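> sequence first, then the predicted structure:
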Amino acid sequence: MALMKALYVHAAVVALLLCSSVNFIQSPTDVFGPVALLEPTPSAARDFGAVVSDAPIAVMRPGSPADVARLLRALSSAGAGRRRPRAAVAARGAGHSLHGQAQARGGIVVETRALPRGVEVAAAASYADVGGGALWVEVLEACLRSGLAPRSWTDYLYLTVGGTLSNGGISGQAFKHGPQISNVLQLEVVTGTGEVVTCSPTQSPELFFAVLGGLGQFGIITRARIPLQVAPPKVRWVRAFYDSFETFSKDQELLVSTPELVDYVEGFMVLNEQSLHSSSVSFPAQVNFSPDFGSSSASGRRKVYYCIEFAVHDFQDRGSSAADHAVELVSGKLSYLRPHAYSVEVAYYDFLNRVRMEEESLRERGLWDVPHPWLNVLVPGHAAARFKDLLMATVVTQGDFEGPVLVYPLLTDRWDGNTSAVVPAAPDGVAYVFSVLRSTDPARCGRACVERILEQHRRVADEACRRLGAKQYLARQPSRAHWRDHFGPAWDRFVARKARFDPARVLGPGQGIFPWTD
Ligand code: FAD
């Protein structure tokens, strides 16, 4: 039955592709070989953002990179010589994009989760070879069996290796080790022309750097070699509270200037004290964590607090350790609202997997499978306070604001300028991540309300980019002109990379950078 269904869809797709005044495709088997194309599933037209839904004509679950190569070869040769490909292709990892970036309207979605996802740990050489469709949590679990772990993470681990390496991959370790795209030794990539290439900083470096942060435009990552470090059994995880953004950010910068002591630095805005008593900020529930600052200022205006979160790896099994000493030393230098600093010791795995708690909490409250109009902006350090004011004056003013607002510094020299990712020019080398991670409750915020939020975010992002030299992260830009502005001086290089690795513009239609239907 399943086979019949697959053959039916295969035939339907081939018929669609052949149904054109010019027959680009000579034989169906040239195109797809033995790989069945499947009827599009609802998930292929959906992502975490839940604001864009573009249906493909088919889905491919490749069993190997060769399957992907056959598809891309056929489609790109059909599109060569100024003729358009008959279908564009989007790689889809875990589908946690926000604006349809892993979708392909009328095209084919390649589900990378179907590719071999094995994690091979070379413990002696301290690296792991991992499938492009593996989730980071799978990579972590496999590496921990050898007492090792990657160095740079995202907050949430149920994202694929290929998906985060196509963007950047940032979390509280990025100040120390750089983003995930600065922590890759080698890649296996199927280019837009269907070539399977192993690349690294010394072997086919142009492809290697193009693909990292390349928004899925140049090739599909089928394997990655990730450097590892010794994993600590546990971490000391600390939170300290502030009532001044200036003091908060000064202390964050102090922390990122001490990478020999600290392993992780993040922070968030406390817009509503009540949110600290829910699990939505993912601090372990068993900790007596109930700071009470008094909920409003003397003027009657809602007072905003800030929380620094930092962590230190702890390698000692029992007794007081170097980690305790480091926490004590560092805390002594911070100017938080005394006595509001809280510390907990947690297993390393639980620390890295902390956002799972947030997912469970949102699922319980019916706020996971809902629209998520998120705004992620990287702001030069000198403009961080101005951007915070802009956010306060616009996006986070409403009383019904639901979701955390993360704020933490990155060091721009940890980003390799050869990759396709762009970060703001920051004269002092510091850029702040501002992540407005909003969930909208459909009972209170319907389609028009979500559109209003998105429009507001676009205005704020435009202003931040134009006036403050900020760069958006994870966003689908609304027009080609916006993309050109986003890449700035790196635009010509991005375009040249496209012409070289995906000249028929088969890949990544959901980003809206290179239209293939004109
Ligand atoms: P998808 O949404 O499936 O794809 C994203 C893009 O990458 C698409 O353009 C797609 O075509 C392309 N792509 C996917 N796989 C491949 C591949 N193998 N080869 C080439 N291109 C590919 N990001 C951070 O940096 N830090 C965080 O802490 C963080 N936390 C998050 C928490 C949540 C709850 C969510 C929903 C997202 C978070 N993100 C974070 C964003 C996340 O990194 C990106 O959305 C990422 O792309 C998601 O990976 P994915 O596997 O779901 O990718």
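Here it is on my side, so go on. A quick note: this is a predicted structure, and the numbers were derived from the prediction, not measured.
> where does pLDDT dip in the stretch 351-500 of the chain?
Scanning the stretch 351-500 of the chain for pLDDT under 70 picks out 398-400.
> all strands of it, in order?
In the stretch 351-500 of the chain, strands defined by DSSP state E, counting those that start in this stretch lie at 375-380, 405-411, 430-436, 471-472, listed in chain order.
> just want the residue of the stretch 1-150 of the chain that's nearest the ligand.
Gly93 (2.5 Å; CB to the nearest ligand atom). Glycine gets a C-beta too; all of them are placed from N, C-alpha and C.
> neighbours around the nearest residue to that residue once chain neighbours are set aside, how many?
Of all residues not flanking Gly93 in the chain, Thr160 sits nearest, at 3.0 Å (CB to CB, 6 or more residues apart in numbering). Neighbourhood size, Thr160 [other CB atoms under 10 Å]: 29.
> for Thr160, which residues are in contact?
93-94, 112-113, 132-136 (CB atoms under 8 Å, 6 or more residues apart in numbering).
> try it again with 6 Å
93-94, 133, 135 (CB atoms under 6 Å, 6 or more residues apart in numbering).
> reformat these as TSV; add secondary structure, neighbour count and pLDDT.
Below are the contacts of Thr160 laid out as TSV (DSSP: H, G, I helix; E, B strand; the rest coil; neighbours: other CB atoms under 10 Å; pLDDT from 0 to 100):
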residue	secondary structure	neighbour count	pLDDT
Gly93	coil	26	98
Ala94	coil	20	98
Gly133	coil	27	98
Leu135	strand	22	98
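> how far does stretch 229-238 sit from its chain's centre?
23 Å (CA atoms, centre = their mean, to the nearest Å).
> ok, residues contacting it?
With CB under 6 Å, 6+ apart, stretch 229-238 has contacts from 144, 147-149, 151, 310-315, 323, 327, 343-348, 351.
> what is the burial count for Pro116?
14.
> nope, Phe48 is what I was after
Count around Phe48 with other CB under 10 Å applied: 19.
> find the nearest non-adjacent residue to it, please.
Nearest to Phe48 is His96, by CB to CB, 6+ apart, at 4.4 Å.
> how about the stretch 201-350 of the chain: which residue is closest to the ligand?
Relative to the ligand, the nearest point of the stretch 201-350 of the chain is Gly216 (3.3 Å; CB to the nearest ligand atom).
> OK, contacts around that residue?
Gly216 makes contact with 91, 166, 508 under the criterion CB under 6 Å, 6+ apart.
> can you narrow those to ones near the ligand?
Restricting those to those touching the ligand (CB under 6 Å from any ligand atom) yields 91, 166, 508.
> check contacts around the second one.
Counting by CB under 6 Å, 6+ apart, Ser166 makes contact with 215-216.
> model confidence score at it, please.
For Ser166, the pLDDT comes out at 98.
> okay, the strands of the stretch 351-500 of the chain in JSON lines with distance to Ser479 and mean neighbour count next?
Listed next are the strands of the stretch 351-500 of the chain as JSON lines, based on distance: least, CB to CB, whole Å; neighbours: other CB atoms under 10 Å:
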{"stretch": "strand 375-380", "distance to Ser479": "18", "mean neighbour count": "25"}
{"stretch": "strand 405-411", "distance to Ser479": "27", "mean neighbour count": "24"}
{"stretch": "strand 430-436", "distance to Ser479": "22", "mean neighbour count": "23"}
{"stretch": "strand 471-472", "distance to Ser479": "13", "mean neighbour count": "22"}
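> now the ones you listed in CSV, with distance to the ligand?
Shown next, in CSV, are those (distance: least, CB to the nearest ligand atom, whole Å):
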stretch, distance to the ligand
strand 375-380, 8
strand 405-411, 8
strand 430-436, 8
strand 471-472, 13
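> quick one: closest of these to Thr193.
Nearest to Thr193 among these is strand 471-472 (29.4 Å), distances taken as CB to CB.
> quick check: can you name the pairing partners of that closest one and their directions?
Sheet pairing of strand 471-472 (DSSP bridges) gives strand 375-380 (antiparallel).
> would you put the C-alpha positions of the strand it pairs with in PDB?
C-alpha atoms of strand 375-380 as PDB (Å, rounded to 0.1, in the frame of the first residue of the first chain):
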ATOM      1  CA  LEU A 375      12.600  39.000  16.700                       C
ATOM      2  CA  ASN A 376      16.400  38.300  16.900                       C
ATOM      3  CA  VAL A 377      18.800  41.100  16.400                       C
ATOM      4  CA  LEU A 378      22.500  41.500  16.900                       C
ATOM      5  CA  VAL A 379      23.400  45.000  18.000                       C
ATOM      6  CA  PRO A 380      26.800  46.600  18.300                       C
END
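> distance from the chain centre to that strand, please.
For strand 375-380, the distance to the chain centre is 13 Å (CA atoms, centre = their mean).
> what's the nearest residue to Ala104 if we skip its chain neighbours?
Ala104 sits nearest to Ala90 (CB to CB, 6+ apart), 3.9 Å away.
> who does the one you found bridge with?
Beta-bridge partners recorded for Ala90 (DSSP bridges): Val109.
> look up how far Ser361 lies from it.
For Ala90, the distance to Ser361 equals 30 Å [CB to CB, to the nearest Å].
> these two: which is more packed in?
Neighbours per residue, other CB under 10 Å: of Ala90 and Ser361, the larger number sits with Ala90, 27 against 16.
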